[in-house]
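In: my questions concern the predicted model and sequence given below.
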Amino acid sequence: MSICFDEKNKTLTLHTRSSSYQMQCGPLGYLLHLYYGKRAEGSFDYLYLPRDCGFSPNPHALRDTRGWSLDTLPQEYSGACCGDYRLSALEVVTDRGVRGADLRYVRHRCSPGKYTLPGLPCALDPDGEAESLTVTLADAASGVEVELCYAVFPQQDVIARSAVIHNRGSSPVYLEQAASLCLDLPFGTWELLRFHGRHCMERQPERLPLPRGITEVSSLRGMSGHQQNPFAVLCAPGAGEEEGTCIGVMPLWSGSHRTAVEVDQSGGLRLVSGIHPAQFRWRLEPGECFAAPETLLAFSDRGLGQLSRVLHRFIRNNICRGPFARAPRPVLLNSWEAAYMDFDADRLLTIARGARDLGVELFVLDDGWFGARDDDNRALGDWFPSPTKLPGGLEPLIEKINALGLKFGLWVEPEMVSEDSALYRAHPDWVLAAPGREPVMGRNQLVLDLCRPEVVDWLYGTLAGLLSRCSISYIKWDCNRCLADLYSPFLPPERQGEVSCRYMLGLYRLLDRLTRAFPQVLFEGCAGGGGRFDAGMLAYCPQIWCSDDTDPVERLSIQYGTSFGYPLSAMGAHVSAAPNHQTGRSSPLGTRFVTAMSGAFGYELDPGALTEAEKEEIRSQIRRCRRFAGLLCDGDYYRLTGAPEQGDWSAWLLVSPDRSEALLSVVRFHPRANPAPLHLFLRGLDPEAAYALEETDVYGNVVRGDPVAGQGEDAPALHARFSGAALMYGGYTLPPLFGDAPSAQLYFQKQ
Ligand code: GLA
């Protein structure tokens, strides 16, 4: 049993393998949060002794005792304006203007399996391990009832949470905030690890001590955004890769979000996570309900590395759906950096032929194939083949590509429309735009109003038509601007506060319908690279284009940061041309491969521009990638070095779940004269077992005879044997790597 109710203490306890979570129905029916931490039995109510704290007020019924205040006690789901001045999870305003939420326990219910939230991405329970708990709280004055939903995944150290708000009263109410979760940790010191970024440099880790007051991770862009990823980690001070307590908070939400952390007057911490409450106001009619997006709490008492592995497994097993969730993905070649928008059918076929000769499995036609799309100022919305570039249409092109033995994939950006398009001319009212204001433009395009069911239906019809007519195996779903004008002509004035949220619900509805109707199609998410890289999108798209920056050295930082929350199988990563189109750097082809193969792998270059030697190298890369595909889908990932900015080299390790194989990758991005040895401690191996070094591959612009690993006297001896314990505790020293961004991969196999 992972959920227990203690009748005597009125405590509800959730247990996972390593963690326990406890709440208690306290005086007057207030639901107190007692504990979340390392697994422990018993009741934690002894921690909360009555305490008269000045200027922390008391509920009316307890006014004489003064020792009991909502402002000092940990709450399970805090309501606004009821004497708790810390962050609120729920803020309700009645139609008479009464603000607040005084939430009291009504009942609870435990059930086997995992609850669902219609219309929202949700964790699944493929292994049948989950148990669910619903605790109902009510605010008598507004008639609002809250169902707090918990699903415990005991083997995975994950608890999924949500809150469903019902209006059980007889008048409408407005929700000004409806968080997915509130988490109070009244004792201890915590640091916040968050992931900031920008276009072409997403998800850079930033770890900060928490000051008094509020610190947050947020986006008001109508998308999760390049700037602050919706993933946050609370770390005990000193928690590192291998040790210490860490709690990951990961919303399954791709729109405006906020995870706010407050350190209160007594040093206690409260975290509230959910849809960003700014620009949010949801009208609930009597009888209606609103479901807050699901959010994962993941626990590790063995450091950040373990937390990442918990989340990687959970995302692969329980978030991603469909046949590709855990399967090797086809090696693709994307036309974007090969031809941009400058192509016709012959040029595409030449690229596709070149790709086939390299061993690529899937040819992806990126932007530029539709309407009058000769540059990025026009034609979004006109999802029919360009009459000038593809006069014969898509079908004959796809047939020829299929005849080469390649699958075909297509780029679309369905949520957007150009002013210069047939769609906009026909439906100028289908966009988000505020009356009396000129709409904000991003990449010279407007955002379709996905609050409007007919727009979602039209998009479904258009895309389903394409997918039914043509043999398309893969869709790259792009989104190249953020929302700005939060006004939908479709909604009445009192519902305009719902626009940003309804937009995302419309998108989820569309993605849900399409992915259910076409389960054999692999969807890759994208938003100017990794601008919408979140667990919500991963429920529909098992991989997301990680960044528009394909430079392998830059990618080391981006993929390193991304790896804290998301598995390698989710990170779209391609080998592109040298010099790199974003940075101008030339790096060895092998290093581009080593970086990209630690992701959902592909190419993004013109095969016609390659030398014969490069082609041969790519053929062997693809063979290698296929060989290690299982490790990439299922392997446990270990970061062996810190943030690339802090050193001159980066190393990471993949270990198969049965610990029989380990693939070590190293990139040296800053060459040094007289360098210190590159010494690594491997992790995750079986200490008792013997491992042999079965393969060493070194890539770089080096001259044979230089003292370079694999090429000179310092070459690691193939078939050398080590115990797992030796490799982990004594470590392994690589010979120096010379040249511009050289790299190496070493493969160890259990004997
Ligand atoms: C975005 C994507 C790129 C490419 C272009 C096409 O920027 O991230 O990969 O598809 O759009 O316009």
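Out: All right, it came through fine.
In: surely Gly584 is in a helix?
Out: No - applying DSSP: H, G, I helix; E, B strand; the rest coil, one finds Gly584 to be coil, outside a helix.
In: how close does Pro552 sit to Gln75?
Out: Per CB to CB, to the nearest Å, Pro552 is found 47 Å from Gln75. Any C-beta I mention is one placed from the backbone N, CA and C, and that applies to glycine too.
In: likewise Ala163?
Out: According to CB to CB, Ala163 and Gln75 sit 13 Å apart.
In: with just CA atoms, put the helix or strand harbouring Arg623 into PDB.
Out: For Arg623, the element it lies in under DSSP states H and E is helix 612-627. Included here for helix 612-627 are C-alpha records, laid out as PDB according to Å, rounded to 0.1, in the frame of the first residue of the first chain:
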ATOM      1  CA  GLU A 612      34.100  10.900 -49.900                       C
ATOM      2  CA  ALA A 613      36.000  10.500 -46.600                       C
ATOM      3  CA  GLU A 614      33.300  12.400 -44.700                       C
ATOM      4  CA  LYS A 615      30.600  10.200 -46.400                       C
ATOM      5  CA  GLU A 616      32.400   7.100 -45.300                       C
ATOM      6  CA  GLU A 617      32.700   8.500 -41.800                       C
ATOM      7  CA  ILE A 618      29.000   9.200 -41.700                       C
ATOM      8  CA  ARG A 619      28.100   5.700 -42.800                       C
ATOM      9  CA  SER A 620      30.100   4.300 -40.000                       C
ATOM     10  CA  GLN A 621      28.500   6.800 -37.500                       C
ATOM     11  CA  ILE A 622      25.000   5.600 -38.500                       C
ATOM     12  CA  ARG A 623      26.000   2.000 -38.100                       C
ATOM     13  CA  ARG A 624      27.400   2.900 -34.700                       C
ATOM     14  CA  CYS A 625      24.300   4.800 -33.700                       C
ATOM     15  CA  ARG A 626      22.100   1.900 -34.600                       C
ATOM     16  CA  ARG A 627      24.300  -0.400 -32.500                       C
END
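In: in the stretch 151-300 of the chain, what residue comes closest to the ligand?
Out: When you check the stretch 151-300 of the chain against the ligand by CB to the nearest ligand atom, the closest residue turns out to be His199, at 8.4 Å.
In: so where is this structure shaky, pLDDT-wise?
Out: Low-confidence segments of the chain, defined by pLDDT under 70: 701-716.
In: mind checking the end-to-end distance for stretch 598-614?
Out: Distances were taken as CA to CA, to the nearest Å; on that basis the terminal residues of stretch 598-614 are 20 Å apart.
In: how about that stretch and the ligand, any contact?
Out: No - counting by CB under 6 Å from any ligand atom, the ligand has no neighbours in stretch 598-614; the shortest distance is 8.0 Å.
In: near the ligand, which residues of the stretch 451-600 of the chain?
Out: Neighbours of the ligand within the stretch 451-600 of the chain, by CB under 6 Å from any ligand atom: 478, 480, 526, 528-529, 545, 548.
In: just give me the neighbour total for Gln22.
Out: Here the number of neighbours of Gln22 (other CB atoms under 10 Å) works out to 24.
In: phi, psi for it please.
Out: phi -140, psi 140 (degrees, to the nearest 10).
In: now do the contacts for it.
Out: For Gln22, the contacting residues are 11-14, 33-36, 43-44, by CB atoms under 8 Å, 6 or more residues apart in numbering.
In: the residue in the stretch 301-450 of the chain positioned nearest to the ligand and Ala140: what is the separation?
Out: Closest approach between the stretch 301-450 of the chain and the ligand, counting by CB to the nearest ligand atom: Asp367, at 3.4 Å. Separation of Asp367 from Ala140 (CB to CB) stands at 55 Å.
In: which one of these two has more residues nearby?
Out: Neighbours per residue, other CB under 10 Å: of Asp367 and Ala140, the larger number sits with Asp367, 20 against 11.
In: find the residue closest to the more buried one in space, skipping its chain neighbours.
Out: Trp411 (5.3 Å; CB to CB, 6 or more residues apart in numbering).
In: circling back: quick one: contacts for the residue of the stretch 301-450 of the chain closest to the ligand?
Out: Each residue near Asp367 by CB under 8 Å, 6+ apart is listed here: 336, 340-341, 373, 376, 411, 413, 478.
In: now, the residues you listed that are in helices?
Out: The subset of the contacts of Asp367 located in helices under the criterion DSSP state H comprises Trp336.
In: just the buried residues from the contacts of Asp367, in PyMOL please.
Out: For anyone working in PyMOL, the buried entries among those, judged by 16 or more other CB atoms under 10 Å, can be selected with:
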select buried, resi 336+341+373+376+411+413+478
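In: ok, so of the contacts of Asp367, who is nearest Tyr150?
Out: Distances from the contacts of Asp367 to Tyr150 were compared by CB to CB; the smallest belongs to Asp478, at 35.4 Å.
In: who's in contact with the closest one?
Out: Contacts of Asp478 were listed using CB under 8 Å, 6+ apart, and they are 367, 411-413, 526-528.
In: redo the residues you listed as JSON lines? Include distance to Leu605.
Out: Compiled in JSON lines, the contacts of Asp478 are given as follows (distance: CB to CB, whole Å):
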{"residue": "Asp367", "distance to Leu605": "16"}
{"residue": "Trp411", "distance to Leu605": "16"}
{"residue": "Val412", "distance to Leu605": "22"}
{"residue": "Glu413", "distance to Leu605": "22"}
{"residue": "Cys526", "distance to Leu605": "18"}
{"residue": "Ala527", "distance to Leu605": "22"}
{"residue": "Gly528", "distance to Leu605": "20"}
